[in-house]
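J.: structure, please.
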Amino acid sequence: MKFEIAHICLRVLNLEKSIEFYRTALGFREVRRKDFPEAGFTLVFMADEDDKNQVELTYNYDRQTPYEIGDGYSHLGVFTDDLEGALDFHRKNGYEVTDIKGLPGSPGKFYFLTDPDGYKVEVIRK
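T.: Next comes the predicted model:
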């Protein structure tokens, strides 16, 4: 038996703002959309360049308040072949980012980027 991740689901407050973030900050593109007006929600699937990884943005029409993300520090991780260049790009474009970090005793190999809903995206040196 084999399993692979189909997608990661994130609930978002502003669908267009979230689509723009994943498009411009990470280079993902919309690959499909499912609208369910009778049920009050829309699903938008954003995929990476190779279509191997997808983020499902779930937008509930009547939601007025941000979602509680919690304190477990859950996050989405993405690889990059140019960590310093990516950090510079994200900083220059006004995204909320941390400095490059490393695990204790290890050189820096990742930083965190924050999406419009407060979800963390770990950008990792490939």
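
J.: check which residues of stretch 52-70 are buried.
T.: 53-59 (16 or more other C-beta atoms under 10 Å). Where you see a C-beta, it was placed from the backbone N, CA and C, and this is true even at glycine.

J.: of these, closest to residue 9?
T.: Comparing these against residue 9 with C-beta to C-beta places residue 56 closest, at 4.4 Å.

J.: the chain: strands as residue ranges?
T.: Along the chain, the stretches classed as strands by DSSP state E are 8-12, 29-36, 41-47, 54-60, 75-80, 110-114, 120-125.

J.: give me the distance from stretch 73-84 to the chain's centre.
T.: With C-alpha atoms, centre = their mean, to the nearest Å as the basis, stretch 73-84 stands 10 Å off its chain's centre.

J.: for it, which positions count as buried?
T.: Neighbour-count burial for stretch 73-84, counted by 16+ other C-beta under 10 Å, picks out 76, 78, 80, 83.

J.: contact partners of that stretch?
T.: Identification of contacts with stretch 73-84 by C-beta atoms under 8 Å, 6 or more residues apart in numbering yields 8, 10, 26, 48, 53, 55, 86, 100, 109-112, 119-126.

J.: break this protein into its domains for me.
T.: Domain assignment of the chain by automatic domain parsing yields the ranges 1-62, 75-126.

J.: right, so of the ones you listed, which gets closest to residue 69?
T.: Closest to residue 69 of the domains of the chain is domain 75-126 (C-beta to C-beta; 5.3 Å).
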